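# below is the sequence, then the predicted model.
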Amino acid sequence: MAIIGSDILYAQRLLTAGQVVAIPTETVYGLAGNAYDTAAISTIFSTKQRPSFDPLIVHVGSMAQAQSFTTPWPSTAMQLAQYFWPGPLTLVLEKNSRIPDIVTAGLPSVGVRMPQHSLALSLLRQLPFSLAAPSANPFGYISPTTPQHVQQQLGGNIPYILDGGSCVVGLESTIVGFERAKPVIYRLGSISVEAIEEAIGPVSILEPAADTAPQVPGMLTSHYAPTKPLRIGDLDALLAQYSPQEVGILAFDRLHPAIAPERQVVLSPSRSLREAAQRLFAAMRTLDALPVEVILATPVPDAGIGKAINDRLKRASH
Ligand code: TXA
Ligand code: MG
């Protein structure tokens, strides 16, 4: 099993030696390696059993670091970084030759993010290289939001998990790309469409592609999924199709009276979308581990971060 601790120097030593380390970010835990070291990057892919066509996000501790491996940015990209970095926003920019092709799955662009978590930022600012890091889960499963989530699934294959507590955001970063310099949202996240439009004006949103022909690899519709089938919709209508002993419920603000409370997780009794986002992935894992056949979930109000929560529920239901 991996060691869990908060020793930044030890994490730094391992990363410098070409090893991979799980690191906390404000969104989810990442599985990090030196972005310039192709051997470390292939360890990330093999540890996650991630297909080589799915590109990684490169994490930086400064603007200068980000600019050192990208070509000059569209002005809206610069504005977005100024508004939201450090924070849960990934920008897809044109890369230069410093970033090995294996990091970007051969794409000419690279996802870049400056995380806000203080441990991640200190680590990045002490390292002479950037960190490529996908979420620290086996490919296709729910992203980890605690060190224990990482330990349960990848602990046997990695030396160290840097413990930064539970992730405060709980959903992966919002991803914005630029098509002929026009901003396009590739993945919804905790930085809402509304907040982005307030910063830079109207943006378009890329619809998730079908599993077989992803335009953008991480847009695979079936992703972020528990092993149990998950169905999303009106709970009363869904419950009519199952016997009560078969189901677990992922509820937004209250328990459903027809189902035993121990088979239910309520995301936010006070109807806070932030709290619901923070608890979503842990709740899916809890329900996935119960002796139930199917997980039934209600969508949350579809505004702000609620859109990103509903997006993850939809992907989990494919
Ligand atoms: O919040 C997050 O973004 C977390 C933390 C660890 O930073 N990371 C994360 O990484 O969610 P991952 O690998 O699980 O998802 C990253 C997604 C990829 O699946 C891909 O869709 C997109 O980012 N991506 C990365 N590079 C890209 C590129 N060059 N073009 C388009 N999409 C890209
Ligand atoms: Mg992921």
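Received the coordinates, thanks. Numbers count the residues shown, from 1 in each chain. Ligands and ions are numbered 1, 2, ... in the order given.

# quick one: buried residues of whichever helix or strand residue 13 is part of?
Secondary structure from DSSP states H and E places residue 13 in helix 8-16. Buried residues in helix 8-16, counted by 16 or more other Cβ atoms under 10 Å: 8, 11, 12, 14, 15. (Each C-beta comes from the backbone N, C-alpha and C, glycine too.)

# which among the residues you listed gets closest to residue 59?
residue 15 (11.5 Å; Cβ to Cβ).

# who in the protein is up against ligand 1?
Applying Cβ under 6 Å from any ligand atom, we find that the chain lies next to ligand 1 at 25, 27-28, 30, 54-57, 88, 90, 92, 104, 107, 109-111, 113, 133-135, 172-173, 175, 177, 186, 216-219.

# one step back: which strands or helices does the helix holding residue 13 pack on?
strand 21-23, strand 30-34, helix 118-126, strand 160-162 (3 or more Cβ pairs under 8 Å, 6 or more residues apart in numbering; DSSP states H and E).

# now those as TSV including mean pLDDT and mean neighbour count?
Shown next, in TSV, are the helices and strands packed on helix 8-16 (pLDDT from 0 to 100; neighbours: other Cβ atoms under 10 Å):
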stretch	mean pLDDT	mean neighbour count
strand 21-23	99	27
strand 30-34	98	28
helix 118-126	98	18
strand 160-162	98	26
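
# who touches stretch 115-131?
6, 8, 11-12, 15-16, 23-27, 30, 32-37, 58-62, 65-66, 69, 86-88, 114, 162, 164, 167 (Cβ atoms under 8 Å, 6 or more residues apart in numbering).

# mind listing the helices for the stretch 1-150 of the chain?
In the stretch 1-150 of the chain, the helices defined using DSSP state H, counting those that start in this stretch lie at 8-16, 38-48, 63-68, 75-84, 118-126, 147-154.

# closest one to residue 267 among those helices?
Among the helices of the stretch 1-150 of the chain, the nearest to residue 267 by Cβ to Cβ is helix 147-154 (16.9 Å).

# what angle separates that closest one from helix 38-48?
90 degrees (axes from the mean of the first three to the mean of the last three Cα atoms, to 10 degrees).

# give me the buried positions along helix 147-154.
Of the residues in helix 147-154, 147, 148, 149, 150, 151, 153, 154 count as buried by neighbour count, 16+ other Cβ under 10 Å.

# elements contacting that helix?
Looks like helix 147-154 contacts strand 21-23, strand 160-162, helix 273-289 (3+ Cβ pairs under 8 Å, 6+ apart).

# ranking these by burial, who's on top?
Comparing the helices and strands packed on helix 147-154 by mean neighbour count (mean count of other Cβ atoms under 10 Å), strand 21-23 ranks first with a mean of 27.

# chain center to that strand: distance?
Distance, stretch centre to chain centre, for strand 21-23: 14 Å (Cα atoms, centre = their mean, to the nearest Å).

# what residues does that strand touch?
Residues from elsewhere that reach strand 21-23 (Cβ under 8 Å, 6+ apart): 2, 11, 14-15, 29-33, 119-120, 123, 131, 133, 136, 144, 147, 150, 154, 158-162, 164.

# what does stretch 284-291 give?
For stretch 284-291, contacts defined as Cβ under 8 Å, 6+ apart pick out 142, 149, 226-228, 230, 248-250, 263, 265, 295, 316.

# strands - which of the residues you listed land there?
Cross-referencing the contacts of stretch 284-291 against strands under DSSP state E gives 230, 248, 249, 250, 265, 295.

# element containing residue 195?
helix 193-200.

# packing partners for whichever helix or strand comes after that helix?
Of the helices and strands lying after helix 193-200 in sequence (DSSP H and E), the nearest is strand 204-205. Strand 204-205 sits against strand 182-187, with contacts defined as 3+ Cβ pairs under 8 Å, 6+ apart.

# for the strand it packs on, give the mean pLDDT please.
Over the span of strand 182-187, the pLDDT mean works out to 96.

# doesn't residue 238 fall inside a helix?
Yes: Residue 238 forms part of a helix when assessed by DSSP: H, G, I helix; E, B strand; the rest coil.

# gap between the residue nearest to it when sequence neighbours are not counted and residue 264?
Distances taken as Cβ to Cβ, 6 or more residues apart in numbering place residue 296 nearest to residue 238, at 4.7 Å, with adjacent residues excluded. Using Cβ to Cβ, to the nearest Å, residue 296 is found at 10 Å from residue 264.

# what touches both of those two?
Counting by Cβ under 8 Å, 6+ apart, the residues touching both residue 296 and residue 264 are 248, 249, 250.

# by neighbours, which of those wins?
Comparing the shared contacts of residue 296 and residue 264 by number of neighbours (other Cβ atoms under 10 Å), residue 248 comes first, having 27 neighbours.

# before we move on, the earlier item: the inter-axis angle of the helix holding residue 13 versus helix 118-126?
Using the same axes, to 10 degrees: helix 8-16 against helix 118-126 is 60 degrees.

# how far out from the middle of the chain is helix 8-16?
With Cα atoms, centre = their mean as the basis, helix 8-16 stands 23 Å off its chain's centre.
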